[in-house]
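In: sequence? don't have it. structure:
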């Protein structure tokens, strides 16, 4: 699987916190444009990059200033995306014709502490609404067309929330510093369930939903281990597999080949998890990415097989470990992009062969 | 190239006596003869006034920030014989303790390394040094009376790992507590807390200056077993005292004899650079070379020597 | 490099009338700026009155350097990778023969990143000649020139110590004009009509590019005439020494002398008498110093002239020949030494093999230690364990410290700074701790990154400090859940106790627990402090009770009461909690346990009645009121339970 892998490292002159592929124009093509967000500089920015067909480095198409660190990016549609800012705000941007970005609107400092601003740590979307979470422990539901947030849900105890994903159209799963997952029904008054992550309060830094089996969630934690949850059995995770030597920064399932999963960590490693070879063969469609994560149905997953349950998944390092944290990654088709505090964007082509 | 990237009106109505950056270098506290203390938020090249503290009834001589693990806490001392400890709550600063047990002006305040707890040393013109320790309910005070006859001008704490290995791993038990004081009696004195009796004892009396000692500063640890203290005096000299950590002897080395009285010495955070300011309107920065010599790095020249438009070095 | 020159002693002044004639105060932090303000010592009264209407201003003074430009950021981040991999390989050991290829490779990596950065600076703003970017490009060019020379002289040394071949290549690559003009001329229809046709040819001769010379000459209309053919033969036959060519240096010298003898013979025989241009070339080939010297403006610099001269006078020159040759060339080009630039001094010191001087000069002339640090590190590893280069060890550490300090003061590059500090001994460890501990914790993400770096380096004190600061901050914001998480991570017993008390007090007030899931799963962290242990166990009691496990809940509750772990203000709560258990139809609290509770109730009764006036804490007040109301109830329940328990216990025994 690793034979033809070609990776390049482009130094971009600022620490990159997040990278996201722009969804492809149609189901039959792969994405060729991605956006990045920086952090830690006097002036931060969001940038649009185009990845050429050949093995060249990505080219910068356009960049716009961003108030505060860009903590997360989520596409709402193919043309619009939301960013989570360290100032507690959520911003909405749009791709215009000609590759230019335009700042559409902001929900300013919707995340805040009693007396100071609270960073917004994550944004997610169901293609319709945007949901944001922050260090203030709030989950805020936004309608992109409305000025004021639709709903603000607070958790008691003031515990930072780092990750949020839609598991159904009206259900959001969040992960927090204190290591528990919470399932929120955004129509109901109170959070429905609290699911514990681990007994040592291992913080949850990122969550990813299986693209076709939405009851399957991968969680990356403070201890560098990957936890696979089956939301139908919430007493404990299906499996926990140790991998990184430090907190995990991001977990992503391959949208088209979800037997493959990718993780990045503060230890500078970028790992490819391949469950397809270790577990019983399954018929998994190669489905192109759809922004709304529609349920594809029919496919069976290897992630809840007994092999995976016993921790038996092939992991390979995709790049030589970076001396500084890998903050983010995204994958589409055969190309993976990743961002690091070493001020580099990695482009790894032929990361998987089909 | 050195250039001025910003300047801000402090709002003080009189000269500034002291300015201190907090632990992270994000806040600056200044104090003045106008009896006020001002707090600025420093972000890149902008400084924003976020606090104006007025409780003292005389010129405020010095301010000191506590380690942030105890919250945002500032101590100040004044001609009004008082020491005030302030705490930020939300965006408001309030007085959480007032210590008024000195008989004369309190000239200097210095927080102990956080390893010792929330502990403040205060030096007064009445010749005594007070050590205030925060306990669960209140502040306990211990006084070294007659530390320096005529008056004590300055106090500075030893870093918590002044002796022992750099990573602190070989350390057994709590680190020893030491501080240095300088006074009108021309002496620089080292004090150590006796862990069995709980009393401060005079460990060394360093003789070298021939006039009032104005300021003393114990250098931060830079990973070596040796300890370094800088002292400056009315006698226009700055002395660097070095204890190799083995012999226990403090060896003096004269940094320089200046043209005027030297009022203030301070170390950079990493302990590499010593800033010296004196009555000759100059600030100079000194660094120890590989050969063990102290060399002057830069010097803010007398303002009148330069045309006003010249902002860069020449 | 004069544009960025720096003296060891810098002076600057501020234009402010208030500062005028007054003492300056100064305050610094871990960043690259200083604060300066008008200052007065408390005992200093002269000239101290503030004129009315004058402002007391604060100045932030910062040192600037090309290192903070966008372009240089790539250089900083790329070079750290090379630096780290070099340290790793050197630590793995190996003999000089294994080390050398690595050092050469790493040196070339540095050079190629400097070149790449240089090219980008040209691409971006070619028209702005006077811009900062242009100056930056100039600095890069000079750094690369120095580094490539040092590579030839010290790092990529060849058997026998012959350096000239590499120096010729060095000169060619840094003075590419001749080759560029050659291509330009050859592209035209009549190359020999190019205005600088002969100048290009002389230039190429002086760079030893003899094939190019022949190609140029072949385009001359008279190329078929005897003088041209004769010259072509000489150019074709000039022997070049090849290190691995199988020819010894001595043998080469014989061949070379033979060739130069042939040149001299043809010169004397007047082969080129009809063509003065070819005559000049021939004189160069013969090593005629006057001829070479007369063409020195074609070489631009003394070092090019030196290489050209050596090429035709001493082709087997070794390092020790260079000092003299360099002096000669300098004297020829400049006449006097006053016009010598810092760059000249560095190159000269290199040729004199005075590495200490090279480093010192670089330190003086560059406004930041990026280049000097990496250069010194390379040389340190090159001369590893050689007694006369012992000074490099200390110098290297000092420079790495200085470079890291510059990076650490930068808002964004502090992580890179820490990576360097891992490689400079105990001072590096000490400074890394300071850098990490003093990083402003602007968000959880920054705190996690600092903790991770500190943990990797086993800086337990830093981890503890960061966690405590985060815990304290959360506590100040009333975020008790986060506070206890950080508190547990800091392993600070007193601090966690403090937070646990806060949580308990809040429970007493409103009967709710902050972030109960965390408290329910404290695990081994519970043992950090007594109060935390109590808190954890008390939550356990709640869970048992909720799950209907009354027997176990009762045992736990009584043990909590009798162990005295509970803080005094919490006793009433515990007794009230016991009430429903006491009222269970089937007794779950034994007679012995009931006695314990009765004893506690009596103690509490005395304490409450005597203390009510003294205590005025709201938390205790509320609980005491609630408790006094229920006291009768509890007493009754205790008596009933005791009776039931005694009967039950008696029944079982018989």
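Out: Great, that's in hand. These figures come from a predicted structure and were not determined experimentally. Numbering: from 1, shown residues only, chains lettered A, B, ... in the order given.

In: Enumerate the residues of the stretch 351-500 of chain C near chain A.
Out: Contact residues (Cβ under 8 Å from any Cβ of the partner chain) of the stretch 351-500 of chain C with chain A: C:411-412, C:415-416, C:419, C:442-446, C:448-449, C:452, C:455-456, C:474, C:477-482, C:485, C:488. For every residue, glycine as well, the C-beta is placed using N, CA and C.

In: and the residue nearest to residue C:432 when sequence neighbours are not counted, how many neighbours?
Out: Spatial nearest neighbour of residue C:432, excluding adjacent residues (Cβ to Cβ, 6 or more residues apart in numbering or on different chains): residue C:421 at 4.0 Å. If you count neighbours by other Cβ atoms under 10 Å in any protein chain shown, residue C:421 ends up with 26.

In: cool, and residue C:596?
Out: 15.

In: per-residue pLDDT, it?
Out: Confidence at residue C:596, expressed as pLDDT, is 81.

In: coming back round to it: which among the residues of the stretch 351-500 of chain C next to chain A end up buried?
Out: C:412, C:415-416, C:419, C:442-446, C:448-449, C:452, C:455, C:474, C:477-482, C:485, C:488 (16 or more other Cβ atoms under 10 Å in any protein chain shown).

In: Narrow those residues to those in helices?
Out: Taking DSSP state H, the ones among these that sit in helices are C:415-416, C:419, C:444-446, C:448-449, C:452, C:455, C:474, C:480-482, C:485, C:488.

In: Residue B:45: which of those is nearest?
Out: Residue B:45 lies nearest to residue C:446 out of these, by Cβ to Cβ, at 20.7 Å.

In: who's in contact with the closest residue in space to that closest one that isn't next to it in sequence?
Out: Once flanking residues are discounted, residue C:446 sits nearest to residue C:439: 6.7 Å by Cβ to Cβ, 6+ apart. Going by Cβ atoms under 8 Å, 6 or more residues apart in numbering or on different chains, residue C:439 touches B:24, C:414, C:446, C:450.

In: Please identify, among these, the one with the most neighbours.
Out: residue C:450 (28 neighbours).

In: looking at it, that residue is touching residue C:433, isn't it?
Out: No - using Cβ atoms under 8 Å, residue C:450 is not in contact with residue C:433; the gap is 11.0 Å.

In: any residues in contact with both of those two?
Out: In contact with both residue C:450 and residue C:433: residue C:462, using Cβ under 8 Å, 6+ apart.

In: need the contact list for residue 222.
Out: As the question left the chain open, I've gone with chain A. Residue A:222 neighbours (Cβ under 8 Å, 6+ apart): A:179, A:202, A:203, A:204, A:205, A:247, A:248, C:448.

In: Wait, chain C was what I had in mind.
Out: So residue C:222 contacts C:228, C:275 (Cβ under 8 Å, 6+ apart).

In: what does residue B:83 give?
Out: B:75-77, B:98-100, B:102, B:106, B:109, B:120, B:122, B:130, B:132.

In: how does it look with 7 Å?
Out: B:75, B:77, B:99, B:106, B:109, B:122 (Cβ atoms under 7 Å, 6 or more residues apart in numbering or on different chains).

In: Next, count neighbours for the one residue in the stretch 1-150 of chain B that gets nearest to chain A.
Out: Proximity of the stretch 1-150 of chain B to chain A (Cβ to the nearest Cβ) peaks at residue B:90, 3.9 Å away. Neighbour count of residue B:90, defined by other Cβ under 10 Å: 12.
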